[in-house]
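>>> next one to model:
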Amino acid sequence: MSIKVTPYKDSDLNKKQQVTKMFDTISKEYDGLNRVISFGIDVKWRKKVVAIVGKTQPENILDIATGTGDLAINLAKTNAKEIIGLDISEGMLEVGRKKVANKQLDQTIQMIVGDSENLPFSDNTFDAITVAFGVRNFENLEKGLSEILRVLKPNGIFVILETSVPEKTPYKQGYKFYTKYILPTIGKLFSKDQSAYSYLCESASIFPHGEALNNILRKIGFINVNNKPQTFGVASIYTASKQ
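As a prediction, this is how the structure comes out:
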């Protein structure tokens, strides 16, 4: 399954190349703008992901689409011995490596360039795998999820944190107004790449969420699939495991 959105900038590039170029471009401003756009609530959501993963006491964790490493760094609180943050954007990883070094977590967290749809790991490698605000950027969603299932250990946990669209009034209307008018305006004011935030808004609005994403996870082969809406439904945390 490939999610179709308006091309980010260069229609001669495929989605994977476009996403890489986009995040390389906005990497230096991403963290600050992310806090502004989400009013800082994304920090709370990540803490919930860490709590879910921490209950399983993982030895090793793979954080896919790690970006600048926010979730990977927080996952160090699980006391996992090894955390690998993987991302397709070297620009985002460069920022993340500096953050990891500043936190003195170099011995625990490794940040590597990699493709979520062709993971450079053996079958059944990781106790836990996470993706925060990244699955909607997969060029082929089902291929990426299949790769995650492949490298997850049996009984391992997979957690997704992703934007979603509120179902109830007035949150649904408020969300649409915010993403259509407010968020792009913030992007224009603070970002040198306005088209990046237009892409992020559009991709969030059309990406399958809730039971639709649950069904895709089940189709791939995940079990114990569940999702919990966060903050009136503007984001959701999905959990799944492997038989």
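
>>> so what's the residue count around Leu213?
Neighbour count for Leu213, taken as other Cβ atoms under 10 Å: 22. All C-beta spots, glycine's among them, are computed from the backbone N, C-alpha and C.

>>> not counting sequence-adjacent ones, nearest residue to it?
Of all residues not flanking Leu213 in the chain, Tyr238 sits nearest, at 6.3 Å (Cβ to Cβ, 6 or more residues apart in numbering).

>>> for the one you found, give me its contacts.
Applying Cβ atoms under 8 Å, 6 or more residues apart in numbering to Tyr238 gives the contacts 159-162, 213-214, 217, 225-227.

>>> just the buried members of those?
159-162, 213-214, 217, 225, 227 (16 or more other Cβ atoms under 10 Å).

>>> rewinding a little: secondary structure class of the residue nearest to Leu213, three-state.
strand (DSSP: H, G, I helix; E, B strand; the rest coil).

>>> Lys44 too?
Judged by three-state DSSP, the three-state class of Lys44 is helix.

>>> quick one: pLDDT of it?
Among the per-residue scores, Lys44 shows a pLDDT of 95.

>>> repeat that for Phe39.
Per-residue pLDDT puts Phe39 at 77.

>>> what do you get for Arg136?
At Arg136, the model reports a pLDDT of 91.

>>> quick one: it and Val165 touch, right?
No. Contact between Arg136 and Val165 fails when scored by Cβ atoms under 8 Å: they sit 11.9 Å apart.

>>> which one of these two has more residues nearby?
Arg136 (23 against 18).

>>> dump the residue contacts of the more buried one.
Contacts of Arg136 (Cβ under 8 Å, 6+ apart): 3, 162-163, 203-204, 207.
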